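J.: Structure for this input, please:
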Amino acid sequence: MTSGEAPMYFPLLINFYGKKVFIAGLGKVGRRRAQKLRDAGAVVTCADRRLKKLKGVQFYKKTLTQTNIPPLKDYFLVIAATNDRDLNEAIAKKARKAGVLVNRADDFRGGDVIFPAAVKVGKNLFAFTTFGRRPSSSKKVIEVLRNVISTIEVEEA
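T.: Numbers count the residues shown, from 1 in each chain. I've put the predicted structure just below:
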């Protein structure tokens with residue numbers, strides 16, 4: 001992608017079972033992503049300056065700076081979810097240099113992966129995104145999908 005070009009995304013579902021994920025920052029967004037990835041079977045490691053226990057997640061109490069980002073090469077996915085845009089950029093840059101997929105919670109264009117809103121009905125999974133432009137719309141669409149899908153018969157795979 002060249003400078004000024006819009007990112008191009010392709011919808012893809014990934015089996016995270018056993019895959020290693022590193023999350024920098026366990027605020028509201030980082031915590032939610034950690035829980036979802038843990039529940040999907042990922043091996044999740046988090047770092048945050050405040051002690052934040054989360055069942056089933058390895059945690060390091062550490063104040064990350066641009067100069068002390070841990071090695072990222074062994075991870076499948078890195079999530080930069082701190083409240084510091086410059087730090088998130090440094091984390092994303094280091095992850096890319098290591099050949100690791102990255103998600104930036106503060107700027108979807110700065111990463112390779114986005115987290116859509118999703119709803120599971122039976123064995124079916126439906127996802128929707130506004131690419132960060134209107135997150136509240138995504139929540140509304142998912143709620144409508146949940147209501148509509150629950151009233152119709154969805155073929156089980």
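J.: domains for this protein, by residue range?
T.: Domain assignment for the chain by automatic domain parsing gives 20-110, 117-151.
J.: Now stretch 109-121: buried residues?
T.: 110, 111, 112, 115, 117, 119 (16 or more other Cβ atoms under 10 Å). The way it works is simple: take the backbone N, C-alpha and C, and place the C-beta from them, glycine included.
J.: Kindly report the same for stretch 127-138.
T.: Neighbour count says stretch 127-138 has 128, 129, 138 buried, by 16+ other Cβ under 10 Å.
J.: and which of the buried residues of stretch 109-121 is nearest residue 57?
T.: Set against residue 57, the nearest of the buried residues of stretch 109-121 by Cβ to Cβ is residue 115 (16.6 Å).
J.: check contacts around residue 41.
T.: Contact partners of residue 41, counting by Cβ atoms under 8 Å, 6 or more residues apart in numbering, are 15, 16, 17, 18, 19.
J.: possible to save those as CSV with distance to residue 89 and pLDDT?
T.: Output for these, formatted as CSV (distance: Cβ to Cβ, whole Å; pLDDT from 0 to 100):
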residue, distance to residue 89, pLDDT
15, 29, 96
16, 25, 97
17, 30, 98
18, 29, 98
19, 24, 98
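J.: Which of those residues are buried? Put it as a ChimeraX command.
T.: Burial among these is assessed by 16+ other Cβ under 10 Å; the matching ChimeraX selection reads:
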select :16,19
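J.: so where's the protein shaky on pLDDT?
T.: 1-7, 135, 150, 152-157 (pLDDT under 70).
J.: Determine how far the longest helix seen in the chain lies from the middle of the whole chain.
T.: In the chain, taking DSSP state H as the definition, the longest helix is helix 135-151. The chain centre lies 20 Å from the centre of helix 135-151; the measure is Cα atoms, centre = their mean, to the nearest Å.
J.: Now do the helices in this protein.
T.: Using DSSP H, helices in the chain cover 28-39, 85-97, 135-151.
J.: What residues of the shortest one count as buried?
T.: Yep, that's helix 28-39 we're talking about. Result for helix 28-39 [16+ other Cβ under 10 Å]: buried residues 29, 30, 31, 33, 34, 37, 38.
J.: about what we covered before: could the domains of the chain be laid out in TSV, adding distance to residue 10?
T.: Formatted as TSV, these follow (distance: least, Cβ to Cβ, whole Å):
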stretch	distance to residue 10
domain 20-110	13
domain 117-151	12
